[in-house]
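Engineer: Turn this into a structure:
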Amino acid sequence: MSLYVFIPPLSHVTVHVSHVSHVTAHVRAPLRHHPGTASPAGGRGLRLLGRGAAHGSAEAEEEELRRRLKYFFMSPCDKYRARGRRPVKLGLQLAKILLVTVQLILFGLSNQMVVTFKEENTIAFKHLFLKDYVDGAEDAYAVYTQQELYERLFYAVEKYLAMPNETIGRYAYVRGGNRSALLLCQQYYRKGRIDPANDTFNIDPNIVTGDTLHEPHCPLHRLINVTIQFKLKAINIQTIINNEIPDCYTFTITNF
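Structural biologist: The predicted model follows:
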């Protein structure tokens, strides 16, 4: 008498257990048939393989990714302690910062020398070309009589002509477009008549600007201002102390 045990196909087993939600995690692995194992029903055995190998590989990959991220966000000092890797990028950034700092310091020193040279020469020009000038008296420096006006003008012109023999510094004249190194310019109203006794005046508001050759005997009541303008060249040799090439300057001086 023979006993037959019917084992359904594997595909039917997979379809049959897919509807059980709480055992889904246990049947993801394929079913394997082991010839030497007997089933509870007396037939050839079947068993479910777990995911131990795959699970271990996933944990290893996760740990590797976590370790890489941790290393990525480490400081250069921590990276050097962890792997002994020299912080080349950090050294490059420090070198850039040092280079830029040195350039800024040199640029600041150069500008400081330019500003100092300009201020010192400005003070020297005021003492040279302004009669009876006192430091800090710019607001109070003025002329009040015709005699004082002419004295100031003649004084500035005389000092300009005698400058090569009087100044301590070395200056050179610069000639203009009309081959003249000094320009005496005046601004005045074109026409005007003022009579304070009768409380009357007649002024043309148009302002004429030109040198004294246009109207050398302009009445002072129409005069607005008088300026003496000229240019001087100078060389700053103080830059040699800092191992720099001397700079050349051109000063435009307006005396009024």
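Engineer: how about the strands in the stretch 1-150 of the chain?
Structural biologist: 31-38, 44-48 (DSSP state E, counting those that start in this stretch).
Engineer: Tell me which strands the longest strand seen in the chain pairs with, and in which orientation.
Structural biologist: Scanning the chain for the longest strand, with DSSP state E as the assignment, gives strand 223-236. Strand pairing for strand 223-236, determined by DSSP bridges: strand 172-174 (antiparallel), strand 182-189 (antiparallel), strand 247-255 (antiparallel).
Engineer: What residues sit buried inside it?
Structural biologist: Across strand 223-236, burial judged by 16 or more other C-beta atoms under 10 Å covers Val226, Ile228, Phe230, Lys231, Leu232, Ala234, Asn236. Heads up, the C-betas are built off the backbone N, CA and C, glycines and all.
Engineer: Output the below-cut-off pLDDT ranges for the stretch 1-150 of the chain.
Structural biologist: Residue ranges of the stretch 1-150 of the chain with pLDDT under 70: 1-56.
Engineer: Which stretches in it count as helices?
Structural biologist: 10-17, 52-72, 76-83, 88-129, 146-161 (DSSP state H, counting those that start in this stretch).
Engineer: In TSV, list these along with mean neighbour count and distance to Asp195.
Structural biologist: As requested, these are exported to TSV (neighbours: other C-beta atoms under 10 Å; distance: least, C-beta to C-beta, whole Å):
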stretch	mean neighbour count	distance to Asp195
helix 10-17	12	124
helix 52-72	10	92
helix 76-83	12	88
helix 88-129	12	37
helix 146-161	15	19
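Engineer: Kindly reformat those helices as CSV containing distance to Ala172.
Structural biologist: Shown next, in CSV, are those (distance: least, C-beta to C-beta, whole Å):
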stretch, distance to Ala172
helix 10-17, 105
helix 52-72, 66
helix 76-83, 58
helix 88-129, 13
helix 146-161, 13
